[in-house]
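**Q** What shape does this take:
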Amino acid sequence: MLINAVFQGGGMKGISLAGAVKAAEQNGVKFNRVAGTSSGSIVASLVAAGYTAQEMREVIETTPFVRLLHRSPLFNVKWIGPAARIWLKKGLYSGEVLEQWVRELLKAKGIRYFGDLPSGKLRLIASDITNGRIMVLPDDMELFNVEPPSFEVAKAIRMSTSIPYFFDPVMLRLDAKKAKGKSFAEQFVYIVDGAMLSNLPLWLFDQEWANPAEAIPTVGFQMVGKNETKSSVIRGPLSMLQAIVDTMLSAHDERYIEQVNRFRTVKIPTLGVRTTEFDITLEQSEMLFASGLKAGNDFFRNWSITAYQSHFKKLKLTKERILV
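**A** Have a look, this model is predicted:
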């Protein structure tokens, strides 16, 4: 069975996506094209690079994720340091260590640039907050005079995972023609986490369904569930800011998904793990993996391409009515 897969973002909850990939493998599912947002962009990229679910599980078990939160010791001074960093850098942490981490993982499979993958194999979502629009990577790098095949996958992942105020935004500079007449500050575009604008971009591959009988189905992998185990403790402006960002990004998990889209969505319980819980324990990681595995098996064991095609026709008709 061949599918296109779209992986939702969710910070540390994204570990559960690896379990769902394992379920897909166990049920004879193969991935044609893949896409992702935020932590989903990491999973999508690893799948595109050829990582198996077991290999991803080993990465999870051997990675102390808290080490991805890097900043200069100067900014560790209580209260003053983090506040100064947000003021100067616009984020609590740089994001450079995370970028290098995924760069090394991809390098192990011989992947650095999008051109190292089959054309159209991987698409990632980021948010251009300067112009208020969704970015589809690598395609939209043409807007910055960058050829999509020559764009680095690790840089795209960093753009897609730059949680606002948590990680530094990625700054892109306009080319000379577009920058002409603009002030120095106006020549830069700020890119942050794709979850801000499209956390489960199922629409990415829908244009292929002009003839549903011949197209490859798209399956979304969505993380759901309230943070039942922990609440945010607000001790000051910084902890309040983190709580706001965490709530904002997690809101996608509680948002109602239209009935017409549920037929193509694997819904994975996230067991109360928070988006920015980088100090996650190995036990929690294993529980998330198991949750994804169960959700994926429950979905694919009841899979039917005939039922999918029927549901998609209804979805297409619904969209056409909305556009009329």
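
**Q** May I have stretch 127-140 as CSV, with CA atoms only?
**A** The C-alpha trace of stretch 127-140 is given here as CSV (Å, rounded to 0.1, in the frame of the first residue of the first chain):
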residue,chain,number,x,y,z
SER,A,127,5.4,30.6,8.8
ASP,A,128,6.6,33.9,7.3
ILE,A,129,5.4,36.3,10.0
THR,A,130,6.8,39.4,8.2
ASN,A,131,4.4,39.0,5.3
GLY,A,132,1.8,36.9,7.2
ARG,A,133,1.8,33.8,4.9
ILE,A,134,2.5,30.1,4.8
MET,A,135,5.8,29.0,3.3
VAL,A,136,6.1,25.6,1.6
LEU,A,137,9.7,24.5,1.5
PRO,A,138,11.8,24.2,-0.5
ASP,A,139,9.5,25.6,-3.3
ASP,A,140,9.1,29.1,-1.8
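
**Q** low-scoring stretches of this structure, by residue?
**A** The chain contains residues with pLDDT under 70 at 207-214, 226-260, 315-324.

**Q** Against residue 156, how distant is the residue lying farthest from the centre of it?
**A** The centre of the chain is farthest from one residue, residue 181, which by C-alpha atoms, centre = their mean lies 35.1 Å away. Using C-beta to C-beta, to the nearest Å, residue 181 is found at 29 Å from residue 156. All C-beta spots, glycine's among them, are computed from the backbone N, C-alpha and C.

**Q** and if you look at residue 108?
**A** 18 Å.

**Q** So which of the two has more stuff around it?
**A** residue 156 (29 against 13; other C-beta atoms under 10 Å).

**Q** Thought residue 41 was touching the more buried one, still the case?
**A** Yes. At 7.2 Å, residue 156 counts as touching residue 41 under the criterion of C-beta atoms under 8 Å.

**Q** so what sits against both of these two?
**A** Shared contacts of residue 156 and residue 41, defined by C-beta atoms under 8 Å, 6 or more residues apart in numbering, are found at residue 124.

**Q** now the helices for the protein?
**A** If DSSP state H is used as the criterion, the helices of the chain fall at 15-26, 39-49, 53-62, 80-89, 96-107, 153-160, 176-179, 237-254, 259-262, 282-300, 305-323.

**Q** tell me the most buried of these?
**A** helix 39-49 (a mean of 27; mean count of other C-beta atoms under 10 Å).

**Q** Now find how far off-centre it is within its chain.
**A** Taking C-alpha atoms, centre = their mean, to the nearest Å, one finds the center of helix 39-49 at 8 Å from the center of the full chain.

**Q** Also stretch 154-166?
**A** 9 Å.

**Q** Tell me the span between the first and last residue of that stretch.
**A** 18 Å (C-alpha to C-alpha, to the nearest Å).

**Q** again with stretch 77-96
**A** One end of stretch 77-96 sits 20 Å from the other (C-alpha to C-alpha).

**Q** again, but for stretch 69-88
**A** Stretch 69-88 end-to-end distance (C-alpha to C-alpha) = 17 Å.

**Q** What of stretch 137-155?
**A** 10 Å.

**Q** Next: stretch 189-198.
**A** Distance across stretch 189-198, first residue to last, is 18 Å (C-alpha to C-alpha).

**Q** Kindly report the same for stretch 113-133.
**A** Stretch 113-133 end-to-end distance (C-alpha to C-alpha) = 24 Å.

**Q** Just list the residues touching the nearest residue to residue 200 once chain neighbours are set aside, thanks.
**A** Counting by C-beta to C-beta, 6 or more residues apart in numbering, residue 200 lies nearest to residue 8, which is 4.5 Å off, once chain neighbours are set aside. The neighbourhood of residue 8, defined by C-beta under 8 Å, 6+ apart, consists of 17, 36, 37, 38, 40, 199, 200, 220, 221, 222, 223, 252.

**Q** so how far is residue 126 from the fourth one?
**A** Separation of residue 38 from residue 126 (C-beta to C-beta): 9 Å.

**Q** Give the residues shared as contacts by those two.
**A** Counting by C-beta under 8 Å, 6+ apart, the contacts common to residue 38 and residue 126 are 160, 193, 194.

**Q** List the beta-bridge partners for the second one.
**A** So the one you mean is residue 193. residue 126 (DSSP bridges).

**Q** right, and it touches residue 168 too?
**A** No. Here residue 193 does not reach residue 168: they are 11.6 Å apart, not a contact under C-beta under 8 Å.

**Q** Need the overlap of contacts for the two.
**A** Counting by C-beta under 8 Å, 6+ apart, the residues touching both residue 193 and residue 168 are residue 162.
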